[in-house]
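Asker: Just need the structure, nothing else, for what follows:
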Amino acid sequence: MSTRLSRMLTILTLAAALPAAAEGGEQPAAEDLVRAEILADGAEVRPGATFPVGVRLRIAEGWHVYWKNPGDSGLPTDVAWRLPAGWEAGDLGWPVPEVSWAGPIINYGYEGEVVLLASVHAPADAAGAIAIGADVSWLVCNPETCIPGKAKLDRTIEPGVATGDADALRAAREELPQPAPWKARLAAGPDHVTLAIAEPALAEARIASAYFFPTANDVIDHAAEQRLERG
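Answerer: The predicted model follows:
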């Protein structure tokens, strides 16, 4: 049996065991495990301008939610914005996830707190208060069980009026991954993938570790060892 097939059978076994694990005791309420809220600052809202909004998830200790690629198991958090006609929201911005192991499988996600950001564009004729809504769903897990959760969030902001969310939004922007200024080369072999960056300035950077997070779920073997080589 191949390693890949063996791991897939392990994933299925773990998934099948989750409901049984939960039945052994009373499940905590989903709303007690993840508290969700919309972040928005009216001071940044102007007709024709683009401003940041976010969904902040506060996650109970010992539990986690998932990145846009959850890894070998789990489901990504989903945010569906509800905006007035003429207002548009861009794609979600995801902070760099944490890596966690569950037996032989690997997952990407967040513990503690995470803010998922989006940019909203206001139409040129925007005026008056704006009602921002978001339908959010997630899967929150601990080592024994997983519980789906969802929330219907609403927030009304006044253009030009600060809400107190500016610092949280600024901190969330700083958590987003940034484009690297270097050129990279990707080469795929029969049993490995090599990501190479040729940049003389990196020789003195003394990089001790690096990790490749694939945004697509079926590109690599998530649990395979990743090695960093310098030269």
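
Asker: ok, now which ones touch the spatially most central residue of the chain?
Answerer: Nearest to the mean C-alpha position of the chain, by Cα atoms, centre = their mean, lies Trp67 at 3.5 Å. With contact taken as Cβ atoms under 8 Å, 6 or more residues apart in numbering, Trp67 is in contact with 76, 94, 97, 108-110, 213. Any C-beta I mention is one placed from the backbone N, CA and C, and that applies to glycine too.

Asker: which secondary structure element contains it?
Answerer: Using DSSP states H and E, the secondary-structure element containing Trp67 is strand 65-71.

Asker: and the next element down the chain from that strand?
Answerer: Sequence order places strand 78-82 as the next helix or strand after strand 65-71, per DSSP H and E.

Asker: picking that back up, the strand holding Trp67 pairs with which strands?
Answerer: Counting by DSSP bridges, the strands paired with strand 65-71 are strand 105-110 (antiparallel).

Asker: tell me the mean pLDDT for the partner strand?
Answerer: Per-residue pLDDT over strand 105-110 has a mean of 94.

Asker: Then stretch 67-87?
Answerer: Per-residue pLDDT values across stretch 67-87 average out to 95.

Asker: Same check on stretch 147-154?
Answerer: Stretch 147-154 shows an average pLDDT of 96 in the prediction.

Asker: Counting neighbours, which bits of that stretch end up buried?
Answerer: By neighbour count with 16 or more other Cβ atoms under 10 Å, stretch 147-154 contains the buried residues 147, 149, 151, 153.

Asker: just stretch 222-231 next, same as before
Answerer: Buried positions in stretch 222-231, judged by neighbour count with 16+ other Cβ under 10 Å: 222-223.

Asker: Need the distance between the two termini of it.
Answerer: 25 Å (Cα to Cα, to the nearest Å).

Asker: which residues are contacting that stretch?
Answerer: The list of residues contacting stretch 222-231 from outside it, by Cβ under 8 Å, 6+ apart, reads 7, 71-72, 101, 104-106, 108, 202-203, 207, 209-212, 214.

Asker: run the last query once more with 6 Å
Answerer: With Cβ atoms under 6 Å, 6 or more residues apart in numbering as the test, stretch 222-231 has contacts from 71-72, 106, 210.

Asker: Show me where the chain has its helices.
Answerer: When assigned using DSSP state H, the helices of the chain occupy the ranges 3-23, 30-33, 166-174.

Asker: what residue ranges in the protein score low on pLDDT?
Answerer: Counting by pLDDT under 70, the chain contains low-confidence ranges at 1-25.

Asker: what are the bridge partners for the nearest residue to Arg35 once chain neighbours are set aside, then?
Answerer: Among residues not flanking Arg35 along the chain, Arg58 sits closest, at 4.3 Å (Cβ to Cβ, 6 or more residues apart in numbering). On the basis of DSSP bridges, Arg58 takes part in beta bridges with Arg35, Glu113.
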